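1. Quick one, what's the 3D model for this:
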Amino acid sequence: MAYIGKNPADSFISFVKQDFSVSATTSYTLDNAVTNQNEIALFINHVRQEPTTAYTASGTSLTLTSATASGDDMYCVYLGMAKQTVNPSDGSVGASQLASDAVTAAKLNDDIISGTTALASEPDDTDEFLVSDAGTLKRIDYSLIKGGGITEADMWNKRDSDQSISGDTTTTVTGWTRVTGTAFGKLGTGLSYNSSDGVFSFPSTGYYLIGCSLTFRDNANNSYMSNQIHTTTNNSSYGVVAMATQFQTADGSTNLFTSAYTQYLLDVTDTSNVKFKIRVFGQSAFEVDVDTDRASCFITSVRLGDT
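-> Numbers count the residues shown, from 1 in each chain. Modelled structure (predicted):
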């Protein structure tokens, strides 16, 4: 048989039937709302009743012209509620056929995640996850939630030659090179160093723990020497933020050695402007003493997390 439009899916059709608990009354309640009495076929004692003449209906109210007796058998068939009794064909149900919030967790298979291909490496920053934001389902990029773990760790040392420091003068320590010793491990990009002014800059923003250890040599003078971390937030003006001081007491020796270690937790909010350098000060002349075989003067930098 030909059809105008899309052919109907193969199916069986059944009509909804309602049985009534009968009593001596003319008023009954329908299980399903109707527009008027013509949408149901009413049977009393298996005899079909005439719409309008024997009964009227509107919404869920059914009104009889004559009251039934308590022993009567009464039922109706909803003519306007034909229901398809087979499943829809494969691929025939789309998003537009589903009501909002119709799919619940109870209808999801337990293997909805475990049954899919597992990600074998760390997600890309643009990979997305689903989260519930106060009950509203949203997606979020991995870059916003990954956190955790150290991504930058670096170490530099001064091994080229000793550096002579004049007394009563704050001097920048120079001649730094990245450590290349046995089993040395640098994590991430690491610091950048400007050998012309002794300034270190950072590869990315974040909280960095900076540490510096220096070895001093004083030639028999009673004096103090300090190891200082100086920082800037405008790529111009530097100020001391951390300092370790050692006092050297003369004992007649011409080679008195001491060391000082200091550290500082720096919030790097702008890699173009937030930088640091190592400076020293002594009451009298001394030397920053290096060991060409090992890192006796060194700087460490570890990124602890996002700013």
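2. C-alpha only now, for contacts and for neighbours.
-> Fine.
3. so where is this structure shaky, pLDDT-wise?
-> 1-13, 81-90, 115, 147-148, 220-222, 250-254 (pLDDT under 70).
4. to the chain's geometric centre, what's the distance from the helix or strand encompassing residue 287?
-> Using DSSP states H and E, residue 287 sits in strand 286-288. With Cα atoms, centre = their mean, to the nearest Å as the basis, strand 286-288 stands 49 Å off its chain's centre.
5. Direction included, what does that strand pair up with?
-> strand 163-165 (antiparallel), strand 206-218 (antiparallel) (DSSP bridges).
6. first vs last residue of stretch 258-278, how far apart are they?
-> Criterion Cα to Cα, to the nearest Å; first-to-last residue distance in stretch 258-278 is 17 Å.
7. buried residues in it?
-> Residues of stretch 258-278 classed as buried by neighbour count (16 or more other Cα atoms under 10 Å): 258-268, 270, 273-278.
8. Sitting in helices, which of these do you find?
-> Within the buried residues of stretch 258-278, no residue falls in helices by DSSP state H.
9. okay, now the domains of this protein?
-> 13-84, 152-305 (automatic domain parsing).
10. Can you check the distance spanned by the last one, start to finish?
-> In this case it means domain 152-305. 9 Å.
11. before we move on, back to that, quick check: next helix or strand after the strand holding residue 287?
-> For strand 286-288, the succeeding helix or strand toward the C-terminus, using DSSP H and E, is strand 298-305.
12. Now tell me what touches that next one from outside.
-> 147-158, 191, 206-214 (Cα atoms under 8 Å, 6 or more residues apart in numbering).
13. 6 Å instead, please
-> With contacts defined as Cα atoms under 6 Å, 6 or more residues apart in numbering, strand 298-305 is touched by 150, 152-157, 206-213.
14. what do you get for stretch 152-169?
-> Stretch 152-169 has contacts (Cα under 6 Å, 6+ apart) with 175-179, 186-188, 190, 281-292, 295, 297-303.
15. Make sure residue 157 is indeed in a helix.
-> No - Residue 157 is assigned strand when assessed by DSSP: H, G, I helix; E, B strand; the rest coil, not a helix.
16. Test of understanding: give the bridge partners of the spatially closest residue to it that is not a sequence neighbour.
-> If the residues on either side of it in the chain are set aside, residue 157 comes closest to residue 298, at 4.1 Å by Cα to Cα, 6 or more residues apart in numbering. Listed by DSSP bridges, the beta-bridge partners for residue 298 are residue 157, residue 213.
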